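Undergrad: I'd like to go over a predicted model; first the sequence, then the structure.
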Amino acid sequence: MEEKKDFYKLVEEICIKDRRYKADAYEFVMQALHFTQGKLKKKAHLSGKELLLGIKDFAIEQYGPMSKTVLEHWGLTKTEDFGNIVFNMVGRKILSKTEEDSIADFKEVYAFQEAFGNVLRDVVIKEKI
């Protein structure tokens, strides 16, 4: 319980300094990290690309056709935004990184519109099949 309390306190401090993203975005990224680690059966480090692909799957699983709307509400409009959140958490020692990790790992990995904007269309197509 104390660890969770510390997480929210640190996120609150991050959000005071960097107002681009809502606190919910940080919690979402942590949940997506755990989801992706489980999916890939990795207990430790993920690459930026691995995390981003997991974030996409987790968002669609959690929010379906509303994924893009929810993410945009939190201030997330491109994959680099997730990198900014990760590196903000690295800066507060919530997460760690390797020497090879860079914010560039998160740049333009996929387009939001393609990843999240077509979820509703894809659901409708699957239902028609």
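TA: All right, it came through fine. Treat the numbers as computed from the prediction; the structure is a model and nothing was measured.
Undergrad: which regions of this protein lie under the pLDDT threshold?
TA: In the predicted model of the chain, residues 1-4, 119-129 satisfy pLDDT under 70.
Undergrad: Would you point out which residue is most central in it?
TA: In the chain, the C-alpha closest to the average C-alpha coordinate belongs to residue 29, at a distance of 3.7 Å (C-alpha atoms, centre = their mean).
Undergrad: For that one, which non-adjacent residue is closest in space?
TA: The shortest distance from residue 29 to any residue other than its chain neighbours is 5.1 Å, reached at residue 85 (C-beta to C-beta, 6 or more residues apart in numbering). For glycine as for every other residue, the C-beta is placed from the backbone atoms N, C-alpha and C.
Undergrad: Isn't that neighbour up against residue 22?
TA: No. Using C-beta atoms under 8 Å, residue 85 and residue 22 do not qualify as a contacting pair, with a distance of 10.3 Å.
Undergrad: Show residues contacting stretch 9-17.
TA: In this structure, residues lying in contact with stretch 9-17 by C-beta atoms under 8 Å, 6 or more residues apart in numbering are 21, 22, 23, 26, 27, 88, 89, 91, 92, 94.
Undergrad: element containing residue 70, please.
TA: In this assignment (DSSP states H and E), residue 70 forms part of helix 67-73.
Undergrad: Just list what that helix packs against, helices and strands only.
TA: Here helix 67-73 is seen to pack against helix 48-63 when contacts are counted using 3 or more C-beta pairs under 8 Å, 6 or more residues apart in numbering; DSSP states H and E.
Undergrad: ok so, going back, give me the neighbour count for the residue nearest to residue 29.
TA: The number of residues packed near residue 85 is 26, by other C-beta atoms under 10 Å.
Undergrad: Out of the contacts of stretch 9-17, which comes closest to residue 63?
TA: Of all the contacts of stretch 9-17, the one sitting nearest residue 63 is residue 27; the distance, using C-beta to C-beta, is 13.7 Å.
Undergrad: Can you report how many residues neighbour the closest residue in space to the closest one that isn't next to it in sequence?
TA: Closest residue in space to residue 27, ignoring its immediate chain neighbours: residue 11 at 7.3 Å, by C-beta to C-beta, 6+ apart. Residue 11 sits with 23 neighbouring residues when counted by other C-beta under 10 Å.
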